[in-house]
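1. Provided below for reference: sequence and predicted model.
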Amino acid sequence: MFKKPLAHQSNATPLRSSVRRQLLNSIFEQYPSLLGKDHSGDKDKFENGDYNVNGETTEGISEKDLGKIILPEGVRIANFETSVGIEGTFWLTPDGNPLWMTFGRNSKEYIPTLYLLSLPIPNPPIPLIQLHNPIPPPLLTGAPLFIPAVRNLSKSWLIPDLKEGDLVSFVTSPNNSIENVNYIGVGRIVTKGGTKQALENRINNLTNDNGEKEEGKFCDILCIIDDHLWELGSKPTLPSFQLPIPVKALAPPPAEAQSDPPNSSSSSSNPTEPPQIQNLTINEKAGPSQSISSPEALSSTEVSTLLSVSLHQALFSGSLQQSIFPLPASLLYSSHVLPNRPAYIPKDKRDEIVIAKSEWKKLTKWMKEVSKEGLLKIKESKGEVIVQSYDPQHPSLQNHAGFTTIAEEEAKAAKKAAREAKQDGEANNVNKGQAASGSGNTVTANKGKSKEMVIEELWKPSGAATSFWDAAGVDKTILHPPSDMKTYIDGYLAKHSLIHPTDHRYVLLDEELGRAVGVKKPEPGQKMSRDEVMKKLKSGISWSVVLDGVVKKGNLQPITMTVKTRQGRKTVTHIYGLETFNIDIDAFAEEMRKICAGSASVQPLQGSSPKLNLQEILVQGSQVKLVTEALLAKGIPKKWMKESEDSKKKK
């Protein structure tokens, strides 16, 4: 309801005392549970008052004091209109927190907000339903609630018996227990037959249809944490409490729940439930022969939701630019969707986020559904689904909020582990080398290859293209890996619709991109090849390199080995560029003398500035293979070695 900002809100005006008293009486009449009564007017059914939220009883506060909490003196009224044209009314505290609301003109149904539920009220005004944690992300953007997202479905004494149209509040717990739950939203039951019929539909689906049938939406979301209604107020910390047993539940609690504290985490089944409900924890769709042993297993709805946001992340982040399409759906799923699963998924649950455990079960079914929504354009060829393209302006991408992915988290952890392992390995090698040298042993390059040095090239914006990188969302204060460059560029092109409509090898130049690539005032429709754009943008940035955690400015040049012929058939191998990799020139020359069984000398690198103090090693004979092996033994990656046979040295 409030997933987007309000279209209009009038100035709030204070209520007269008489109007406030009339409104308070109407609220108490609509919500007798606030006074410890059920909706039929019977006295307190909370079993001696022990089951009240926040640990208080109906005897702990008077009706007058309760009225000051739920509708304080100085309360103000304001009219509003939502982004979809629904009109309504707010009642706000003097500080501006919306406590109550109605939808529609002259409506007398006063709906509590999260701000009202955050107050120290002894009894909840509306029944509570606990949801799984993590909350399916679409719920946070106003999507309807489906029954698989509800917890405690196998414990019907914790599920309130509600009818279609009844209001309900949603709670959740960080560890999915019935202790320490927090309010997160308010909704309205939309299933015909209410919660009882929704549960029966769920059971029938699991036992008769192998979980393939969609039961339909269960609740509409009226307000939820972090929506625009929540943003209107002071956003207080929502209190934690134990989940109370409903006044009117789907079934009476079992003997264990009656004898133990009502919020016990007992998992015993309800002996009064029908046989098909007993011992069934409905957390994922399963066939009739399957038993679901873990109450913490993710439901198929949650799996589907997480796969959907993973697809949105892959398209949103720019890793899936239009130029790589057409693309087999299987490759899209394995190489892009799975790596972009959210890192906030617990590690022991990540293997569950796969298509086989989703509502679709099959990749083809999912791709067809996404295609119907207009996000992807697909076609089937020889039994395989081919994704032709995607719509970068689709609402699901426009409203998507990026997150850290599993692939990013694993890459970061791997780099850290590699750096630490390399540092430990180098320390051990130094100690071993010193010990061998002290004992008079000869150390050769063939004793074994050490762990490879961790080398990373990094960049940050500089020069004339700085404003373009700003527009692309690049942080100018930090260094970025080369892979990020393509991501930022593709993201900018997609966001501004600059990909050539008929030839994806070319991009259109807007004013910002044109300046960055040297075209001051690009003509409308002027294009440039994608490779040329990348080349020009690369040449206008500042490069650095990280060698085992040490940052050095400038481009990294490889170690070069050049074999030259002198005096007829006499050959000499020149080796230079060792200083960049922190290799001791004199020590390496001595090592080459022993390995090659010939002379090796050190001299200044010809053509270089004397201020740089660069040197090269001259080894007798053509020794490229032995030099390469020695460098590999020191952990230098092969890609950072360059062989130049009978070529001129770089000046």
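-> Ah, there it is.
2. Give me the below-cutoff pLDDT ranges for the stretch 551-651 of the chain.
-> Along the stretch 551-651 of the chain, the model assigns pLDDT under 70 to residues 568, 645-651.
3. buried ones in stretch 473-485?
-> Using 16 or more other CB atoms under 10 Å as the test for burial, stretch 473-485 gives Val474, Leu479, His480, Met485. Bear in mind the C-beta positions are built from the backbone N, C-alpha and C, glycine included.
4. Over to stretch 12-26?
-> Ala12, Leu15, Arg20, Leu23, Leu24.
5. Pull the distance from it to the chain's centre.
-> Chain-centre distance of stretch 12-26: 45 Å, with CA atoms, centre = their mean, to the nearest Å.
6. And for Leu537, the neighbour number?
-> When neighbours are counted by other CB atoms under 10 Å, Leu537 registers 21.
7. show me what contacts it?
-> By CB atoms under 8 Å, 6 or more residues apart in numbering, the residues touching Leu537 are Ala465, Phe468, Met485, Ile489, Ala516, Val517.
8. Which members of these are classed as buried?
-> Here, 16+ other CB under 10 Å leaves Ala465, Phe468, Met485, Ile489, Ala516, Val517 buried among these.
9. Closest to Ser381 out of the residues you listed?
-> In terms of CB to CB, no member of the buried ones among the contacts of Leu537 lies closer to Ser381 than Ile489, at 30.6 Å.
10. so that closest one sits in a helix?
-> Yes. Read with DSSP: H, G, I helix; E, B strand; the rest coil, Ile489 is one of the residues of a helix.
11. burial measure for Ala587, as a count.
-> Neighbour number of Ala587 under other CB under 10 Å is 10.
12. Shouldn't it be within a strand?
-> No. With three-state DSSP as the criterion, Ala587 is assigned helix and is not in a strand.
13. do you know how far it is from Ser599?
-> 16 Å (CB to CB, to the nearest Å).
14. again with Pro120
-> Applying CB to CB, the value for Pro120 to Ser599 is 89 Å.
15. Now that we have the buried residues of stretch 473-485, can you turn them into TSV and tack on pLDDT, distance to Leu71 and secondary structure?
-> Below are these laid out as TSV (pLDDT from 0 to 100; distance: CB to CB, whole Å; DSSP: H, G, I helix; E, B strand; the rest coil):
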residue	pLDDT	distance to Leu71	secondary structure
Val474	84	51	coil
Leu479	76	56	coil
His480	79	54	strand
Met485	84	57	helix
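16. tell me the contacts of Val181?
-> Contacts of Val181 (CB under 8 Å, 6+ apart): Leu128, Gln130, Val171, Thr172, Ser173, Ser240, Phe241, Gln242, Leu243.
17. Now the phi/psi pair for it, please.
-> Backbone torsions of Val181, given as degrees, to the nearest 10, read phi -90, psi 160.
18. does the residue nearest to it when sequence neighbours are not counted belong to a helix or a strand, and which?
-> Of all residues not flanking Val181 in the chain, Val171 sits nearest, at 4.1 Å (CB to CB, 6 or more residues apart in numbering). If you go by DSSP states H and E, Val171 is part of strand 167-172.
19. quick one: which of the buried ones among the contacts of Leu537 is nearest to Lys3?
-> Taking CB to CB as the measure, Lys3 lies nearest Ile489 of the buried ones among the contacts of Leu537, at 31.0 Å.
20. What is the nearest of the buried residues of stretch 12-26 to Leu307?
-> Distances from Leu307 to the buried residues of stretch 12-26, taken by CB to CB, are shortest for Ala12, at 43.2 Å.
21. which ones are touching the closest one?
-> Contacts of Ala12 by CB under 8 Å, 6+ apart are Arg76, Ile77, Ala78, Phe90, Leu92, Gly96.
22. how close does it get to Ile86?
-> 19 Å.
23. With Met1 instead?
-> Going from Met1 to Ile86 by CB to CB gives 7 Å.
24. Give the residues shared as contacts by those two.
-> Here Met1 and Ile86 have Phe103 as joint contacts, going by CB under 8 Å, 6+ apart.
25. which residues of the stretch 101-250 of the chain fall in strands?
-> 111-112, 128-130, 145-146, 167-172, 181-189, 217-224, 240-241 (DSSP state E, counting those that start in this stretch).
26. can you give me the mean pLDDT across the second one?
-> Read it as strand 128-130. When pLDDT is averaged over strand 128-130, the result is 94.
27. partners of that strand, with directions?
-> strand 167-172 (parallel) (DSSP bridges).
28. And the furthest pair within the contacts of Leu537?
-> Top of the distance list for those (CB to CB): Met485 and Val517, 13.8 Å.
29. Output the contacts of Leu537 in TSV; the columns should cover distance to Ala198.
-> TSV is the format used below for the contacts of Leu537 (distance: CB to CB, whole Å):
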residue	distance to Ala198
Ala465	56
Phe468	53
Met485	50
Ile489	48
Ala516	56
Val517	58
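30. any idea which helix or strand comes after the helix or strand of the chain with the lowest mean pLDDT?
-> The weakest-scoring helix or strand in the chain, judged by mean pLDDT, DSSP states H and E, is helix 255-259 (a mean of 53). Note on helix 255-259: by DSSP H and E, the next helix or strand toward the C-terminus is helix 300-317.
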